[in-house]
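Enquirer: Coordinates only, no sequence provided:
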């Protein structure tokens with residue numbers, strides 16, 4: 001055999017060896033288990049929980065990741081039970097969807113320094129193994145308020161919140177600011193599915209449907225539904241009455257094409273994907289992460305099914321308002 005032929009065979013052997021060895025390495029790569037504690041009673045809420053879960057599902061497409069979901073319910077005790085269930089299985093990364101109770105779990109992080117906790121929609125600082133993600137929902141809601149004020153034909157619009165928690169009140173404050181910015185004399189009808197801090201307000205579409213029906217009947221022609229799963233009841237009421245509704249958290253425009261004017265998205269999927277990926281890569285930074293209009297953490301949809309309904313000049317005015325918010329010219 002010639003020297004060239006021998007070198008060729010050796011080269012082929014090395015290529016095959018590297019290929020087989022590489023495949024073996026991939027096949028034996030360790031799957032990372034990630035825990036996900038969702039709030040309320042269902043993960044398929046077309047809103048808060050489903051949006052965060054989408055970020056984890058995206059990770060599964062690029063990394064060897066297995067997601068174990070646990071129902072967090074409505075109380076601290078239920079959420080703690082879900083977290084303990086995941087801890088008992090040795091899971092080292094846990095994502096918790098809980099804006100109401102996040103700050104109460106610092107002690108758990110201290111007891112488990114080898115576990116990284118990612119709290120969504122809350123602000124927690126001072127723990128080396130806690131990443132908290134909060135959103136400038138007031139900025140996004142300011143856009144909604146202005147849009148609704150410019151679009152209303154009756155001069156009356158509505159805000160229907162799931163409860164009266166700080167996050168929902170931040171939505172409402174931004175919404176009011178947007179109406180004020182519009183320069184129009186518009187009346188705002190404010191209702192809540194549940195008073196106080198009850199998270200059940202996010203899981204009662206029947207009550208939300210009833211309240212929305214009353215609001216539409218009283219003259220409101222657009223309602224901003226900030227109520228998680230309950231918002232589905234508002235969308236149904238809007239469709240039945242021939243009025244408009246604004247969705248929240250995820251892109252809900254498709255749920256009633258032409259009826260959902262827009263949705264104020266909180267990009268749980270983007271934030272969860274980004275922060276958990278950093279943990280997997282070993283370069284995460286603990287502490288609070290703020291997602292706002294500037295970094296794409298909140299914002300309106302492209303209004304695919306309703307853009308033709310907008311009054312002349314509204315899109316331009318919305319862009320001007322967004323720029324002022326991003327630049328800090330409007331708080």
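Expert: Thanks, I have the structure now. Here the structure is a predicted model, which means the values were calculated and not measured.

Enquirer: dump the residue contacts of residue 254.
Expert: Residues near residue 254 by C-beta atoms under 8 Å, 6 or more residues apart in numbering: 260, 305. The way it works is simple: take the backbone N, C-alpha and C, and place the C-beta from them, glycine included.

Enquirer: On the three-state scheme, it is what?
Expert: At residue 254, secondary structure determined by DSSP: H, G, I helix; E, B strand; the rest coil is helix.

Enquirer: Distance of it relative to residue 83?
Expert: Applying C-beta to C-beta, to the nearest Å, the value for residue 254 to residue 83 is 33 Å.

Enquirer: And residue 96, by the same measure?
Expert: Counting by C-beta to C-beta - residue 96 and residue 83 are separated by 7 Å.

Enquirer: So the two - more neighbours on which side?
Expert: residue 96 (29 against 23; other C-beta atoms under 10 Å).

Enquirer: Now that one: phi and psi?
Expert: phi -120, psi 120 (degrees, to the nearest 10).

Enquirer: hang on, isn't residue 207 packed against residue 233?
Expert: Yes. At 7.2 Å, residue 207 and residue 233 qualify as touching, with contact defined as C-beta atoms under 8 Å.

Enquirer: what about these two, which has more around it?
Expert: residue 233 (23 against 17).

Enquirer: The more buried one belongs to a helix?
Expert: Yes. Under three-state DSSP, residue 233 sits within a helix.

Enquirer: who's in contact with it?
Expert: With C-beta under 8 Å, 6+ apart, residue 233 has these contacts: 204, 205, 206, 207, 208, 209, 210, 212.

Enquirer: If any of those are buried, put those into a ChimeraX selection.
Expert: The following ChimeraX line selects those of the contacts of residue 233 that are buried, judged by 16 or more other C-beta atoms under 10 Å:
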select :204,205,207,208,209,212
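
Enquirer: now the closest residue in space to residue 303 that isn't next to it in sequence, what's its secondary structure?
Expert: Excluding the flanking residues, the one nearest residue 303 by C-beta to C-beta, 6 or more residues apart in numbering is residue 262, at 5.0 Å. For residue 262, the secondary structure call by three-state DSSP comes out as strand.

Enquirer: Mind jotting down where the strands sit in the chain?
Expert: 32-38, 65-71, 93-97, 116-120, 130-135, 156-161, 187-192, 222-226, 244-249, 260-266, 287-291, 298-300 (DSSP state E).

Enquirer: Pairing partners for the shortest one, with directions?
Expert: Taking DSSP bridges as the criterion, strand 298-300 forms sheet pairs with strand 260-266 (antiparallel).

Enquirer: Strand 287-291 and the partner strand, what's the angle between them?
Expert: Angle of strand 260-266 versus strand 287-291, following axes from the mean of the first three to the mean of the last three C-alpha atoms, to 10 degrees, is 160 degrees.

Enquirer: between strand 260-266 and strand 116-120, how many degrees?
Expert: Using the same axes, to 10 degrees: strand 260-266 against strand 116-120 is 150 degrees.

Enquirer: model confidence over strand 260-266, on average?
Expert: Averaging pLDDT along strand 260-266 gives 97.

Enquirer: Same check on stretch 152-159?
Expert: For stretch 152-159, the mean confidence score works out to 98.

Enquirer: Compute the first-to-last residue distance for that stretch.
Expert: This stretch, stretch 152-159, spans 13 Å end to end (C-alpha to C-alpha, to the nearest Å).

Enquirer: what does it rub up against?
Expert: With C-beta under 8 Å, 6+ apart as the criterion, stretch 152-159 contacts 148-149, 171-172, 175, 179, 184-191, 212, 215-216, 218-224, 226.

Enquirer: and if you look at stretch 83-90?
Expert: Stretch 83-90 has contacts (C-beta under 8 Å, 6+ apart) with 33, 35, 37, 68, 70, 94, 96, 105, 108, 112, 115.

Enquirer: Show the buried residues in those.
Expert: The neighbour-count test (16+ other C-beta under 10 Å) marks 33, 35, 37, 70, 94, 96, 105, 108, 115 as buried among the contacts of stretch 83-90.

Enquirer: Near the closest residue to the second one other than its chain neighbours, how many other residues are there?
Expert: Nearest residue to residue 35, sequence neighbours excluded (C-beta to C-beta, 6+ apart): residue 86, at 3.5 Å. By the criterion of other C-beta under 10 Å, residue 86 has 23 neighbours.

Enquirer: Good, wrapping up.
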